[in-house]
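[1] A structural model of the following input is requested.
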Amino acid sequence: MSAAPTHADVSEIYHQPLLELIFQAASVHREHNNPREVQVSSLVSIKTGACPEDCSYCSQSARFKTDIKVEKLMPLPELMYKAHAAKDAGASRLCMGAAWRSVKDNKDFDHVLDMVAQVNDLGLEVCATLGMLTAEQAQKLADAGLYAYNHNLDTSRDYYDKVITTRTYDDRLETIDHVRKAGITVCSGGIIGLGEAEDDRISMLVTLAGLPVPPESVPINALVPIEGTPLGEQKPVNVWEMLRMIATTRILMPHTVVRLSAGRNEMSSVEQALCFMAGANSIFAGDKLLTTPNPDFKDDNELFALLGLQAKKPDNNLPESTRPFANKTATHSANVSAPTMP
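    The predicted structure is shown next:
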């Protein structure tokens, strides 16, 4: 769509008969992307738990009683061990998540900048999700080689305060603006199954597609209910709801990477195949998404072989990964040696 979509525009797309919607999305996907390519990313929690925010879905909030073990910022050798393992398994992007409300200008941030630079040198696209950023912090991340910054809107503006009260919707949009102006690509999507109405899902997509530059990556997450959180008893969404969101996102943002994210562990191979047909062209691989279960690389390797899919190479100007998705022979880039775990 050339002009910013209205709520009515998106509602009309979203509420099509499901098979018509999937067919339209598949057609748009094939026109603008290679339908056989799927970006494989690995997500690492570099600082876990004790977050001061009250996101109702999150096991890492200090306000809720969950079984998450609080962990300090990960040492660089441990991160690089995980980065090498992810690259060897076929990932082209490494995403680092820290349970912070916002970035502080201190030694921890300096440590993260070192992490970004090292993973960049490995030839992986580097993504981070660290909470709110100032313009200056975003520029420091860009200078260190950060390729993408994840900052999800989560839901619609109207429903947002039913889920989170410790930061505002405009806070999120401001961080996205800082990231964009620093020249970092934007990764921003949301979660369905928070108790929101369909109109809230549509409104979130209207906001994302209506940004001055739409996000280069849009994760579509299904809530994974976690015991001890306010949404711990929430009924899981079904695959048909995920398909509507993925297909509508693909139609609205033809060139955007649409990421099939949280909730994929509960999907069958057939359900995931439908999501790829509807325009999803990115997944997280590895046994965890920060703190929630996720299919491992072996399962995804088998799924890719079954469906005839192939892993997309890194999309930045760094040295290309030498690892095709199905290749199990370990090699490493010449300029970064593989560390051993202490």
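
[2] rest of the way, CA atoms for contacts and neighbours
    Will do.

[3] distance between whichever strand in the chain runs longest and the chain's centre?
    Longest strand in the chain, counting residues (DSSP state E): strand 37-47. In terms of Cα atoms, centre = their mean, to the nearest Å, the centre of strand 37-47 is set 8 Å apart from its chain centre.

[4] likewise for stretch 225-244?
    With Cα atoms, centre = their mean, you get 17 Å for stretch 225-244.

[5] what mean pLDDT does that stretch get?
    The average pLDDT for stretch 225-244 rounds to 89.

[6] repeat for stretch 145-154
    Stretch 145-154 shows a mean pLDDT of 95 in the predicted model.

[7] and what of stretch 248-266?
    Here the average pLDDT along stretch 248-266 is 92.

[8] what residues sit buried inside the helix or strand just after the longest strand of the chain?
    Later in the chain than strand 37-47, the nearest helix or strand by DSSP states H and E is helix 76-89. Across helix 76-89, burial judged by 16 or more other Cα atoms under 10 Å covers 76, 79-89.

[9] check contacts around residue 5.
    Residue 5 makes contact with 206, 209-210, 252, according to Cα atoms under 8 Å, 6 or more residues apart in numbering.

[10] quickly check the residues you listed for the two that are furthest apart.
    Based on Cα to Cα, the longest span within those runs between 210 and 252 and measures 9.5 Å.

[11] more neighbours: these two, which one.
    Taking other Cα atoms under 10 Å, residue 210 and residue 252 do not tie; residue 252 has more neighbours (24 against 17).

[12] please enumerate the strands of the stretch 151-300 of the chain.
    185-187, 190-192, 217-222, 257-260, 282-284, 288-289, 292-293 (DSSP state E, counting those that start in this stretch).

[13] CSV for those strands, including distance to residue 122 and mean neighbour count?
    Conversion of the strands of the stretch 151-300 of the chain to CSV gives the following (distance: least, Cα to Cα, whole Å; neighbours: other Cα atoms under 10 Å):
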stretch, distance to residue 122, mean neighbour count
strand 185-187, 19, 23
strand 190-192, 29, 23
strand 217-222, 22, 24
strand 257-260, 22, 26
strand 282-284, 19, 24
strand 288-289, 22, 19
strand 292-293, 26, 16
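
[14] quick check: residue 149 vs residue 212, distance?
    17 Å (Cα to Cα, to the nearest Å).

[15] so which of these two has more stuff around it?
    Taking other Cα under 10 Å, residue 149 and residue 212 do not tie; residue 149 has more neighbours (27 against 10).

[16] and the host helix or strand of the more buried one, what other elements does it pack with?
    Element membership of residue 149 [criterion: DSSP H and E] is strand 148-150. Here strand 148-150 touches strand 125-129, strand 185-187, going by 3 or more Cα pairs under 8 Å, 6 or more residues apart in numbering; DSSP states H and E.
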